[in-house]
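Q: mind folding the following:
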Amino acid sequence: DALRRSALSVKGMLLGTGMLILFGNTYSDTRDFAVVLSFWKGTYFLGQTYLAGLLAFVPRFLSPFRDRWSLGVVTATMAGLNPKEHAGLRIGMSGEAYLNFGIPAVIVVGLLAGSITRFIDMRVKEAITRDPRDVRVYAYTLLSLLVGALTNTANFSMLYTMSALLVLCVALIAVSRYIKLPLG
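A: Numbers count the residues shown, from 1 in each chain. This is a model prediction of the structure:
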């Protein structure tokens, strides 16, 4: 974050890092992942939490599979918590990949997320420089939501919601052009 700012400040960087360590999610995610690992029996989930995330558009009460394999349900159940009363434990960006496929998945997810995030960063900056109203900025936003969903399947519902909103916006723009409403 500090390197992306135009005025690099060592003091600002140290203060920002300190704030993230003290008040960010680093410790809580690590703590929660440690709790989940302490109850884990060593059997990989083999992508079942990822599949449950992909099916986030199906309500859990309609899908016994989602009701069993949604990440929040899995982590809460593993820690001995009632998933009807607890949303689940946060196991960090690499936790779900590890529980599904082990260390190789952590490496693959990390490399994919990092590469796609860098690609998005470059393209958004280029698009905004050319035209701040460029539609591609929204496409890259959707791609960043996909990265978020891949690193934590609980984010698939947000990906689907934002996709629906973008489709609605495109439809509204098309209708307004059809009836010749002035666009600002």
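Q: spit out the contact partners of residue 49.
A: 69, 70, 71, 74, 96, 99, 100, 153 (C-beta atoms under 8 Å, 6 or more residues apart in numbering). (Glycine included, C-beta is placed from N, CA and C.)
Q: again, only this time at 10 Å
A: Counting by C-beta atoms under 10 Å, 6 or more residues apart in numbering, residue 49 touches 68-75, 96-97, 99-100, 152-154.
Q: cool, residue 48 as well?
A: 65, 68, 69, 70, 71, 74, 99, 100.
Q: how many residues are close by the nearest residue to the fourth one once chain neighbours are set aside?
A: By the measure of C-beta to C-beta, 6 or more residues apart in numbering, the closest residue to residue 70 outside its immediate chain neighbours is residue 52, 4.8 Å from it. A count of nearby residues for residue 52, using other C-beta atoms under 10 Å, gives 26.
Q: moving C-terminal of the one helix or strand residue 52 maps to, what's the next helix or strand?
A: Element membership for residue 52 (DSSP states H and E) is helix 48-54. Downstream of helix 48-54, the first helix or strand assigned by DSSP H and E is helix 64-69.
Q: what about the residue nearest the centre of the chain, distance to residue 118?
A: Centroid-nearest residue in the chain: residue 148, 2.1 Å away (criterion: C-alpha atoms, centre = their mean). According to C-beta to C-beta, to the nearest Å, residue 148 and residue 118 sit 15 Å apart.
Q: before we move on, what about residue 60?
A: 35 Å.
Q: out of the two, which sits in the busier spot?
A: Ranked by neighbour count (other C-beta under 10 Å), residue 60 and residue 118 place residue 60 first, with 18 against 10.
Q: for this structure, which helix is longest?
A: Taking DSSP state H as the criterion, the chain has its longest helix at helix 103-130.
Q: rewinding a little: pretty sure the residue nearest to residue 70 is touching residue 60, no?
A: Yes - using C-beta atoms under 10 Å, residue 52 is in contact with residue 60, at 8.8 Å.
Q: shared neighbours of these two, which are they?
A: 66, 67, 68, 69, 70, 72, 73.
Q: quick one: pLDDT of the first one?
A: It stands for residue 66. Predicted confidence (pLDDT) for residue 66: 94.
Q: over to the one 3 residues further on?
A: For residue 69, the model assigns a pLDDT of 95.
Q: ok, and the closest non-adjacent residue to it?
A: That would be residue 52: by C-beta to C-beta, 6+ apart, it lies 3.9 Å from residue 69.
Q: which ones are touching the one you found?
A: So residue 52 contacts 45, 58, 60, 63, 65-74, 153-154, 156 (C-beta under 10 Å, 6+ apart).
Q: I'm done for today, thanks for sticking with me.
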